[in-house]
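J.: Sequence and predicted structure are below.
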There are 2 protein chains.
Amino acid sequence: MREFSEGQIVKHQGARDNQIYIIKSGWAMVYTYLPGGSRQVIEVCLPGDVIGTQIAGEELAVLTAFSAWVAPAEGLPQAIAGRPSIAEFFVAAAVRRRACMTAQIVRLGQRSAADRTADFLLEVDARLRLVGLTEGDSFTLPLTQNELADLLGLTPIHMSRTLHKLRASGLISLKRQRVEILNRAAAAERIGFDPAYLGDAEDGASTESGSSSRERINQGATSYN
Amino acid sequence: MREFSEGQIVKHQGARDNQIYIIKSGWAMVYTYLPGGSRQVIEVCLPGDVIGTQIAGEELAVLTAFSAWVAPAEGLPQAIAGRPSIAEFFVAAAVRRRACMTAQIVRLGQRSAADRTADFLLEVDARLRLVGLTEGDSFTLPLTQNELADLLGLTPIHMSRTLHKLRASGLISLKRQRVEILNRAAAAERIGFDPAYLGDAEDGASTESGSSSRERINQGATSYN
DNA sequence: CGAGTTCTTGACTACTCTCAAAAGCGGTGG
DNA sequence: CCACCGCTTTTGAGAGTAGTCAAGAACTCG
């Protein structure tokens, strides 16, 4: 168990760090700088998340003072060996993490600035809700608009305008790091948000289809954006 | 070990599939459809990759007839329990997969259409190279421009124009599913591509910094795009 | 040789970026 | 307590990249 202070860079870009962090409290984020100097925030990490940054190109920084369990990744195989419940915990965390990365890819690839923003805020809301850290329909988001912009692939200028529009549309408001879901139903409906991907991954039967026409794969993509 | 035919959908969106696939030969891709009908390709999978799609929202389809080892994910903990080499294999595969997803996020968030395309093609080239499946500086890419567009978050129309420009610039050519790296050095230099993130993750010492100023985190993002 | 898919081209629209500057907020020190 | 400084956020105007609509050419396959 270790403590980290706000703004601390836990792992620098280019460094190696084979440790696993289980966040107990506080926020962090993972990002990379491109040679040109621009930054892409890969993911935002909050309490309950299990993160590990084996990847040299990623940098891990603390957003708000936080504490985490830290353990070397090498010990993981042995740790989960005979203990199904521990194995399940890590598997669930890994699946959830991947689901969030997938969501991020979809956001960046398919959505407009406003939809990206709303989608992300709804995701954070849902994730916080899972660990009981929301206050009604609002929560504190410890990200500047600059950081949000780097997360959503926008310029800070456009981020500001987008937040303005979101607020004006009466869906979600973000002011001074305070997010308020003004109209959850409408917001979720607008972007097709369904928090199911975040958790409680109960098993299901393995499914498989026999459809073997290539057209099926492509037909859906007729309406862009 | 199982065989899948071209165009087959291994797992449908919404279905559950707790299996792990180790691709022996052939290509596949993972994608999701949005409510509006647009599709985002999450990742492209090729020989040597270990894939598992526990996530209901993702669909897994075969691009070229392929064969794979298939095993239930539940058995994984036991399988890697006492066998370090097996555990390492899966860990390396998982790290590489995450690195590819990170690369995809960076592409979509920070790069122009041309750079995205070049970056992706260089990544595929490097990944194929790792498993010895390139022929000199060219390889076959079993993706239509439509699929490429859905992968890179572009419209097929713009994809076509972009490929045209890439070809004209003398960096990379893609014609009839054949990719040729015309000028690898220039292409890699242009987008800052470094294949190091893909593999051979040799361990290193854990690193950590004491820098605790928040400014450091934000200063880099002054030049957009 | 069609039929269907895939790819290309053209003209126009619009979303997002860029450049520039000012206003708001927060902390420090005189 | 107020002035000042830095960072963050906002506003305005113009440019550019990518999307949309429409149609035609090229390729694949039976």
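T.: Structure's in. What do you need?
J.: Residue A:117: what's it in contact with?
T.: By CB atoms under 8 Å, 6 or more residues apart in numbering or on different chains, residue A:117 lies in contact with A:148, A:152, A:159, A:162, A:163, A:166, A:172. The C-beta positions use only the backbone N, C-alpha and C, and glycine is treated the same way.
J.: any idea of the angle the lengthiest helix in chain A forms with helix B:84-110?
T.: Secondary structure of chain A per DSSP state H: the longest helix is helix A:84-110. Orientation note: helix A:84-110 sits at an angle of 30 degrees relative to helix B:84-110 (axes from the mean of the first three to the mean of the last three CA atoms, to 10 degrees).
J.: Run through the neighbouring helices and strands of helix A:84-110.
T.: strand A:39-45, strand A:50-52, helix A:76-80, helix A:113-130, strand B:39-45, helix B:84-110, helix B:145-152 (3 or more CB pairs under 8 Å, 6 or more residues apart in numbering or on different chains; DSSP states H and E).
J.: do you know which of those lies nearest residue B:8?
T.: Among these, strand B:39-45 comes nearest to residue B:8, with 13.6 Å by CB to CB.
J.: quick one: low-confidence ranges for chain A?
T.: Within chain A, the segments meeting pLDDT under 70 span A:200-225.
J.: and if we set it to 80?
T.: Applying pLDDT under 80 to chain A picks out residues A:53, A:77, A:81-82, A:199-225.
J.: Show me the domain layout of chain A.
T.: The record's domain parsing of chain A by automatic domain parsing lists A:1-81, A:84-200.
J.: Could you count how many residues lie near residue A:164?
T.: The local packing of residue A:164 (other CB atoms under 10 Å in any protein chain shown) involves 11 other residues.
J.: residues contacting the closest residue to residue A:100 other than its chain neighbours?
T.: Excluding the flanking residues, the one nearest residue A:100 by CB to CB, 6 or more residues apart in numbering or on different chains is residue A:43, at 6.1 Å. Listed by CB under 8 Å, 6+ apart, the contact set of residue A:43 reads A:29, A:30, A:97, A:100, A:101, A:104.
J.: Return the member of those nearest to DNA strand C.
T.: residue A:104 (15.5 Å; CB to the nearest atom of the strand).
J.: Just among the contacts of residue A:43, which is most surrounded?
T.: residue A:104 (28 neighbours).
J.: Isn't that residue up against residue A:44?
T.: No - taking contacts as CB atoms under 8 Å, residue A:104 lies outside contact range of residue A:44: 9.5 Å.
J.: count of residues packed around the spatially closest residue to residue A:109 that is not a sequence neighbour?
T.: With sequence-adjacent residues excluded and distances taken as CB to CB, 6+ apart, residue A:109 is closest to residue B:153, at 3.4 Å. By other CB under 10 Å, 27 other residues sit near residue B:153.
J.: related to what we said a few turns ago, got the buried residues for the longest helix of chain A?
T.: If you call a residue buried by 16 or more other CB atoms under 10 Å in any protein chain shown, then helix A:84-110 has these buried ones: A:87, A:90-91, A:93-110.
J.: ditto for stretch A:77-84
T.: A:77, A:80, A:81.
J.: Centre of the chain to it, how far?
T.: Stretch A:77-84 sits 27 Å away from the centroid of its parent chain (CA atoms, centre = their mean, to the nearest Å).
J.: what comes into contact with that stretch?
T.: Contacts to stretch A:77-84, defined as CB under 8 Å, 6+ apart, come from residues A:71, A:86, A:87, A:90, B:77, B:78, B:80, B:81, B:82, B:84, B:87.
J.: Let's see that with 6 Å instead.
T.: Residues from elsewhere that reach stretch A:77-84 (CB atoms under 6 Å, 6 or more residues apart in numbering or on different chains): A:86, A:87, B:77, B:80, B:81, B:87.
J.: okay if I get those as CSV plus distance to residue B:117?
T.: Output for those, formatted as CSV (distance: CB to CB, whole Å):
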residue, distance to residue B:117
A:86, 43
A:87, 40
B:77, 40
B:80, 37
B:81, 43
B:87, 36
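J.: Just give me the closest of these to DNA strand D.
T.: residue A:86 (39.0 Å).
J.: OK, contacts around the closest one?
T.: Here residue A:86 is in contact with residue A:80 (CB under 6 Å, 6+ apart).
J.: and if you look at residue A:167?
T.: residue A:173.
J.: Could you report the distance from it to residue A:182?
T.: Using CB to CB, to the nearest Å, residue A:167 is found at 8 Å from residue A:182.
J.: Residue A:166 too?
T.: Separation of residue A:166 from residue A:182 (CB to CB): 9 Å.
J.: how far away is residue A:106 from residue B:108?
T.: Residue A:106 sits 9 Å away from residue B:108, going by CB to CB.
J.: Revised request: answer the last question for residue A:193.
T.: 19 Å.
J.: ok, and for stretch A:132-142, which residues are buried?
T.: A:133, A:134, A:138, A:139, A:141, A:142.
J.: go on, stretch A:63-73?
T.: A:63, A:66, A:68, A:73.
J.: Closest one to DNA strand D out of the residues you listed, please.
T.: Among those, and counting by CB to the nearest atom of the strand, the member closest to DNA strand D is residue A:63, at 11.4 Å.
J.: what's the closest non-adjacent residue to that closest one?
T.: Excluding the flanking residues, the one nearest residue A:63 by CB to CB, 6+ apart is residue A:27, at 4.0 Å.
J.: residues touching residue A:46, list them.
T.: Residues counted as contacts of residue A:46 (CB under 6 Å, 6+ apart) are residue A:27.
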